[in-house]
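Novice: Below are the sequence and a predicted model for it; my questions follow.
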Amino acid sequence: MAQIVNEDRNPVLVALDLPTAERASLLARDLAPYVGGFKVGLELLTGPGPRVIGVLARLGKPVFADAKLHDIPNTVRAAARHLGSAGARWVTAHASGGRAMLEAAVEGMAEGAGTRPAGILAITVLTSLDKESLAETGVVATPGRLAAKRARLAADSGCEGVITSVKELTVVSDIAPGLLTVVPGIRPPGVSRHDQVRIASPSEALCRGADYLVIGRGITKAQDPVEASRAILADMAGVRSAHGAG
């Protein structure tokens, strides 16, 4: 697994969970010097649509299309192809969809992106779920065991990485060390957990080996989003210094 102490990469992916493409693009332009990329979630994908991916990609930062694909393989392949052609660097798909679906997503993404770097991020277990929530859906495994199993499936299916809680980072890294780890549920100090259950601060996630951090409301809902981004970077710089550049 790539180590985030590398100073050349900004690990922050801002979740632009906003209702309009105009608001998302304006905020993205302000934040571009201070973040590593942008996440486009279902609110934008089902509102303005995939074209917002291309708008954001022109800022020169990777765009992560959090489409959470989960359907029959042929449908997922077509959707991944479409999002890849729109300019997405990464697209998410639920690992619970199985090997054939994940492989179809990988193939579709490659077809859509062409020669551009692009990959699938498999969602292991949503950070809004805990053991009890999983049990309600008929899943008896703990989040850790389930994440480990799905990480192995993601690696075997050709995915570039996984979406995983900070709580499962160690087990995921042990099971599939070659996968990129993208961690949602990141809450800077003083920011409410909202609907997330398994959360962590940016520094904690870095210390545990996360490659990228998805941060939404801690930046986008701040009184000054740029200053919030700068503060997060300053805090993470201390973690990098403590570990040494690698």
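Specialist: That came in fine, so what should we check first?

Novice: Now do the strands in the chain.
Specialist: 12-15, 37-40, 63-69, 90-94, 119-123, 161-163, 180-183, 212-215 (DSSP state E).

Novice: Just put those strands in CSV and tack on distance to P50 and mean pLDDT.
Specialist: To be clear about C-beta, it is placed using only N, CA and C from the backbone, and glycine gets the same treatment. Shown next, in CSV, are these (distance: least, C-beta to C-beta, whole Å; pLDDT from 0 to 100):
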stretch, distance to P50, mean pLDDT
strand 12-15, 17, 96
strand 37-40, 8, 97
strand 63-69, 7, 97
strand 90-94, 10, 98
strand 119-123, 16, 98
strand 161-163, 19, 97
strand 180-183, 20, 96
strand 212-215, 19, 95
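
Novice: looking at these, which is closest to R150?
Specialist: strand 119-123 (6.6 Å; C-beta to C-beta).

Novice: Could you tell me how far that closest one lies from the centre of the chain?
Specialist: On the basis of C-alpha atoms, centre = their mean, to the nearest Å, strand 119-123 sits 8 Å off its chain's mean C-alpha point.

Novice: same for that strand, what does it pack against?
Specialist: Contact partners of strand 119-123 among helices and strands, from 3 or more C-beta pairs under 8 Å, 6 or more residues apart in numbering; DSSP states H and E: strand 90-94, helix 99-113, helix 143-156, strand 161-163, strand 180-183.

Novice: could these be laid out in CSV, adding mean neighbour count and distance to L44?
Specialist: CSV is the format used below for the helices and strands packed on strand 119-123 (neighbours: other C-beta atoms under 10 Å; distance: least, C-beta to C-beta, whole Å):
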stretch, mean neighbour count, distance to L44
strand 90-94, 27, 14
helix 99-113, 22, 18
helix 143-156, 20, 25
strand 161-163, 28, 17
strand 180-183, 25, 18
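
Novice: Now tabulate those in a markdown table and tack on distance to V63.
Specialist: Shown next, in a markdown table, are those (distance: least, C-beta to C-beta, whole Å):
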| stretch | distance to V63 |
| --- | --- |
| strand 90-94 | 8 |
| helix 99-113 | 12 |
| helix 143-156 | 20 |
| strand 161-163 | 15 |
| strand 180-183 | 13 |
